[in-house]
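> Mind folding the following:
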Amino acid sequence: MWLGDFNRHHPLWDEERNSHLFTGAALEASQKLIDILADYGLMQILPKDILTLQSTNSGNWTRLDNIFCTDHTCGTLITCDTDPGRRGPNTDHVLVLTQFDMSLVASADSPSWNYHEVDWEKFNSTINEALSNINPPSPLDMVESFQAAARSLDAALCSTVEEVVPKTRPHPHQKQWWTKDLTKRVDELKHLRKQVYRFRAIPDHISHTRLKEKEKQLDKEIHTTKETHWKDWLEEMAGNDIWIASKYITNPGGDGGKSRIPTLKSQSADGSETLAATNEEKGALLANTLFPPP
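The predicted model follows:
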């Protein structure tokens with residue numbers, strides 16, 4: 001599978017109305033891409049005339065992003081389309097959503113209790129009703145009576161939790177500072193971006209102005225919410241949180257991955273090992289490994 005922003009204009013994937021972009025230099029550059037696709041047997045799975053980018057300056061919609069797959073991968077393709085409604089703030093590209101049938105077995109992921117969403121007034125009334133059905137408080141002078149009272153109390157708590165507390169299955173990559181209000185704003189932008197895409201041929205349509213205003217509001221709310229969340233966390237932290245905060249401050253920002261490629265090892269036909277330490281050696285080794293000759 002080969003995908004990305006290829007920055008190439010060609011009638012095979014762009015709209016015919018963008019013929020002013022099909023210059024000789026552009027077609028020559030696109031032909032190199034087409035030749036490589038033919039050599040490796042790659043097929044275009046994002047249909048023609050589906051636009052992926054709106055120019056920031058002119059507002060014109062073009063097709064610079066593309067997705068290509070081999071015959072084997074195309075056999076598992078379900079859908080490949082864009083979703084202009086999910087275009088992020090301060091971006092000019094739209095999402096390309098591709099779905100394959102990989103037939104993977106889902107991992108056993110049991111939901112957990114979401115105590116943040118509990119209606120505590122209902123919780124208190126429910127547990128009081130459950131406690132009224134057990135024996136009233138009394139001195140516990142026997143081991144058996146103590147165990148019976150503990151089991152009754154535990155059963156009342158469990159039944160209340162099962163009835164009142166909702167369950168959730170949080171995403172492992174969920175942002176801790178994200179809120180329901182931001183989700184609501186994103187949903188509003190989804191509908192508005194779809195409307196803007198529908199009226200893309202009318203530059204002075206009111207939806208274009210509304211989209212810019214909403215994007216600025218969302219961008220400001222994201223920064224404010226993130227700043228407020230981390231300030232509250234720093235003010236309320238205790239114990240091991242101090243060491244976590246120190247690690248955040250001292251380490252450079254990033255996605256947690258290594259900032260460089262380590263030394264690579266390659267094995268030749270005679271069994272000897274070769275080390276690639278410099279950037280040039282690593283690049284040549286990766287190119288030969290990932291893109292072997294046909």
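> contact partners of the lowest-mean-pLDDT helix or strand in the chain?
Of all the helices and strands that make up the chain, helix 241-250 has the lowest average by mean pLDDT, DSSP states H and E, namely a mean of 79. Defining contact as Cβ atoms under 8 Å, 6 or more residues apart in numbering, one finds that helix 241-250 is touched by Trp233, Leu234, Met237. Bear in mind the C-beta positions are built from the backbone N, C-alpha and C, glycine included.
> What helix or strand is the first one located in?
For Trp233, the host element (DSSP states H and E) is helix 206-236.
> same for that helix, what does it pack against?
helix 180-198 (3 or more Cβ pairs under 8 Å, 6 or more residues apart in numbering; DSSP states H and E).
> what about the strands in this structure?
2-5, 43-44, 53-54, 61-62, 65-69, 77-83, 95-100, 112-113, 167-168, 264-267, 273-276 (DSSP state E).
> Now render the ones you listed as CSV, adding distance to Ile206 and mean neighbour count.
Supplementary listing: those in CSV, determined by distance: least, Cβ to Cβ, whole Å; neighbours: other Cβ atoms under 10 Å:
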stretch, distance to Ile206, mean neighbour count
strand 2-5, 30, 12
strand 43-44, 36, 14
strand 53-54, 17, 19
strand 61-62, 19, 18
strand 65-69, 28, 21
strand 77-83, 22, 14
strand 95-100, 24, 14
strand 112-113, 44, 12
strand 167-168, 38, 12
strand 264-267, 55, 12
strand 273-276, 57, 12
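> Mind checking those strands for the one nearest to Leu218?
strand 95-100 (16.0 Å; Cβ to Cβ).
> Give me the contacts around the closest one.
Defining contact as Cβ under 8 Å, 6+ apart, one finds that strand 95-100 is touched by 3, 45-46, 52, 65, 67, 73, 76-83, 86-87.
> Report the inter-axis angle for the helix holding Trp233 versus helix 241-250.
Relative orientation of helix 206-236 versus helix 241-250 (axes from the mean of the first three to the mean of the last three Cα atoms, to 10 degrees): 130 degrees.
> Which positions in helix 206-236 come out as buried?
The neighbour-count check on helix 206-236 (16 or more other Cβ atoms under 10 Å) flags Ser207, His208, Leu211, Lys214, Glu215, Leu218, Ile222, Thr225 as buried.
> again with stretch 150-166
Judged by neighbour count (16+ other Cβ under 10 Å), stretch 150-166 contains these buried residues: Ala156, Thr160, Val164.
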